[in-house]
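Chemist: Pasting a predicted model and its sequence here:
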Amino acid sequence: MALLTVKNLTKKFGGLVAVHDMTFDIEPGEIVGLIGPNGAGKTTLFNLISGIVHADQGSLMLAGKSLIGMRPCHRSRAGIGRTFQVVRPFDMNVLENVMVPALTRTRDTSKARKAAMEVLEMMGLAEFATRSPGNLTLPQRKRIEVARALATQPKLLLLDEVLAGLNPTEVAENLPLIRQLRDTGVTILFIEHLMDAMMAVAERVLVMDQGALICCGTPREVTSDECVIKAYLGEEDPQC
Amino acid sequence: MKKYTLWIAGGLGALLLLLVPLYFKSTFVLHIYTLTFFYIGLTAAWNIMAYGGNLSLGHASFFAIGAYVGALLYVKLGISPWIGLTGAVAASFVGGMILSMPLIRLRGPFFTLATIAFTEVLRLIAIDWRDLTHGSAGLNIPFDLGWLNLTFKSGAPFYYIALALAVGSVWLSRWVRYSALGYHLRAAASDDQAAEALGVDFNLVQITALLISATLTAVLGLFYAFYSYVLEPATLFSFELFSLQPALNAIIGGMGTVWGPVIGAVFMTPLGEFLRFYLGTIQQGLNYVVYGIILIMTVRFFPGGILSLLTPLGVRFKRWIGDTGDNQ
């Protein structure tokens, strides 16, 4: 059975159709990339799945259970973890930041502290545990964002541009992490603008344009698809 | 071992506090101490909501609910205030549930305004329901000595009761701060949407904090009623005394921390009594001018409160006694 089933999902903001009639499945253990030009509706799709905005139409199911009508906190407990494109650390130290989600899985603070420490070690942030996130670099803060989402013990992890704003060296350092996360049993759906990163990591790519799913396939298939080229580069000019 | 220095210092402090009533026979001095303890409790209770980023200016309502329920059960039905405590807790719980409706719908100053309105409505009910509360004339608690009636000949027993309440309130607020609830409240205060996405039930944690804060305040109100003997809506529902003062104490001491409210109450209560006593006779309201200046200075120059000024000293002290203190 698919881990995430999205069927005819639609969201309108006034006259703007942000997500239009999207239907797709994500299988357990997959790494799926989500690409599309700016304003295609990628982040809105993440907001719909994590429950920050509610769908106008369509159905959303996690492992066969409907998510429609559930609040974000309940979806998180059901197994959906997400990061925000703009990092949003809480006003507390790095360890405490990761303890907050860990404490939704256990009420015991010492167990949560241990679980949070394990996640920080995995993310290579252990040495910054008692620092304030404000004093860390952007790549490190992005890692905190991922660490927090991981501490909710998600089945499906939604990563919203965790590599954006990093320099090529940092990207190269962070890429193996996505595979490593999947190997711990997490299914991953990630938004990314860096095509190299997408090609290197994604097993399947969904392409969105103007709120609709226009193409879906392996990275190689997607990059040679006419619709995708049109979406990114526009119509071919016959005079050229 | 140096590790125990803090405990020994704390124990000595506690012992000194226990000996105060034996040394000071002056009722005025004892009254200042007792009042300070009540305010430590009130500020700590108020602060539990502040962990979640909510500023209440309506805690007088819960204070008065506790006072009136305890006193009415005793005066009208002869029920001992110790048993009446359960009634006070239950009534303030209901009051908290009512206030939780605006709590989950309104944010920031809008919720604060709702707390003021809530208190005002209850105050008007207390004034107009003369058969029950005797209205503005006030309700007197009959003088009938005994532990069960919370009526004593000297001020000493209430000194100890208030001390115990202060310790209990601070302990409870410290417990909340370092529990799962405390972490979730701080996350909710910091970024409600990110907190929700990480599994924090924003409404549930805020309502829980409100209910703990409200019931604790009502317990303090009940004991205060028996301490002051007279229940008047104008005093118990007083905006300045029981809604604003706890907030001021917490802001000046250090809002959202465990010890800030204690420092604020210990600093502000005797100062307030002193100012009322000396400046109040010169020109009414002059004491509030001084209050205003202190508040403006605090917010302008050390927004973290007095505690933020003391923290560097505390860190040095801990290092000096060899406490690395990296836990919490």
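Modeler: Structure's in. What do you need? Numbering: from 1, shown residues only, chains lettered A, B, ... in the order given.

Chemist: CA atoms for contacts and neighbours, from now on please.
Modeler: OK.

Chemist: List the contacts of the closest residue to chain B within chain A.
Modeler: In chain A, the residue found nearest to chain B is residue A:73; the distance is 3.8 Å by Cα to the nearest Cα. Each residue near residue A:73 by Cα atoms under 8 Å, 6 or more residues apart in numbering or on different chains is listed here: B:195, B:196, B:197, B:198, B:199, B:200, B:201.

Chemist: could you redo the last one with a cut-off of 6 Å?
Modeler: Residue A:73 makes contact with B:196, B:197, B:199, B:200, B:201, according to Cα atoms under 6 Å, 6 or more residues apart in numbering or on different chains.

Chemist: ok, and the closest non-adjacent residue to the fourth one?
Modeler: Okay, so that is residue B:200. If you skip the residues right next to it in sequence, residue B:200 has residue A:73 as its closest partner in space, 5.4 Å away by Cα to Cα, 6 or more residues apart in numbering or on different chains.

Chemist: Work out for me the element that neighbour sits within.
Modeler: Using DSSP states H and E, residue A:73 maps to helix A:72-78.

Chemist: after that helix, next one along is what?
Modeler: Heading towards the C-terminus - elements assigned by DSSP H and E - helix A:72-78 is followed by strand A:80-82.

Chemist: List of residues touching stretch B:128-138?
Modeler: For stretch B:128-138, the surrounding residues in contact (Cα under 6 Å, 6+ apart) are B:127, B:231, B:232.

Chemist: okay, stretch B:124-134 in PDB with CA atoms only?
Modeler: Presented in PDB, the C-alpha positions along stretch B:124-134 are these (Å, rounded to 0.1, in the frame of the first residue of the first chain):
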ATOM      1  CA  LEU B 124     -20.100  43.800  38.100                       C
ATOM      2  CA  ILE B 125     -21.800  40.500  38.900                       C
ATOM      3  CA  ALA B 126     -20.200  40.500  42.400                       C
ATOM      4  CA  ILE B 127     -21.300  44.100  43.000                       C
ATOM      5  CA  ASP B 128     -24.900  43.600  41.800                       C
ATOM      6  CA  TRP B 129     -25.600  40.200  43.300                       C
ATOM      7  CA  ARG B 130     -26.300  41.700  46.700                       C
ATOM      8  CA  ASP B 131     -28.100  38.700  48.200                       C
ATOM      9  CA  LEU B 132     -25.000  36.600  47.800                       C
ATOM     10  CA  THR B 133     -22.000  38.900  48.000                       C
ATOM     11  CA  HIS B 134     -23.500  41.800  50.000                       C
END
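
Chemist: Show me how far the longest helix along chain A is from its chain's centre.
Modeler: For chain A, the helix with the greatest residue count under DSSP state H is helix A:168-183. Centroid displacement of helix A:168-183 relative to its chain, using Cα atoms, centre = their mean, to the nearest Å, is 14 Å.

Chemist: tell me which residues of it are tucked away?
Modeler: Counting neighbours by 16 or more other Cα atoms under 10 Å in any protein chain shown, one finds that the buried residues in helix A:168-183 are A:171, A:174, A:175, A:178, A:179, A:181, A:182.

Chemist: Return the set of residues that bridge with residue A:157.
Modeler: In this structure, residue A:157 has beta-bridge partners residue A:81, residue A:188, where bridges are defined by DSSP bridges.

Chemist: Output the below-cut-off pLDDT ranges for chain A.
Modeler: A:236-240 (pLDDT under 70).

Chemist: Just the strands from chain B, written as ranges.
Modeler: Counting by DSSP state E, chain B has strands at residues B:139-140, B:230-231.

Chemist: contacting residues around the last one?
Modeler: When you say that, I think you mean strand B:230-231. In this structure, residues lying in contact with strand B:230-231 by Cα under 6 Å, 6+ apart are B:138, B:139, B:140.

Chemist: next one: stretch B:48-59
Modeler: Counting by Cα under 6 Å, 6+ apart, the neighbours of stretch B:48-59 from elsewhere in the structure are B:112, B:115-116, B:119, B:173, B:185-186, B:189, B:209-210, B:213, B:243-244, B:256.

Chemist: which residues touch the nearest residue to residue A:63 once chain neighbours are set aside?
Modeler: If you skip the residues right next to it in sequence, residue A:63 has residue A:3 as its closest partner in space, 4.5 Å away by Cα to Cα, 6+ apart. Applying Cα under 6 Å, 6+ apart to residue A:3 gives the contacts A:26, A:27, A:28, A:62, A:63.

Chemist: Format those as a markdown table; extra columns: neighbour count and secondary structure.
Modeler: Formatted as a markdown table, the contacts of residue A:3 follow (neighbours: other Cα atoms under 10 Å in any protein chain shown; DSSP: H, G, I helix; E, B strand; the rest coil):
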| residue | neighbour count | secondary structure |
| --- | --- | --- |
| A:26 | 21 | strand |
| A:27 | 16 | coil |
| A:28 | 18 | coil |
| A:62 | 21 | strand |
| A:63 | 18 | coil |
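
Chemist: Now tabulate those in TSV and tack on distance to residue B:265.
Modeler: What follows is these, written out as TSV (distance: Cα to Cα, whole Å):
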residue	distance to residue B:265
A:26	57
A:27	58
A:28	56
A:62	51
A:63	53
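
Chemist: which residues does residue 172 contact?
Modeler: Just going to use chain A. Contact partners of residue A:172, counting by Cα under 6 Å, 6+ apart, are absent.

Chemist: Report whether residue A:24 is found in a strand, as I expect.
Modeler: Yes - under DSSP: H, G, I helix; E, B strand; the rest coil, residue A:24 falls within a strand.

Chemist: Next, the closest residue to it other than its chain neighbours: secondary structure please.
Modeler: The spatially closest residue to residue A:24, leaving aside those adjacent along the chain, is residue A:6, at 5.2 Å (Cα to Cα, 6+ apart). Under three-state DSSP, the three-state class of residue A:6 is strand.

Chemist: now swap in the one 5 residues further on and tell me
Modeler: Applying three-state DSSP to residue A:11 yields a three-state assignment of strand.
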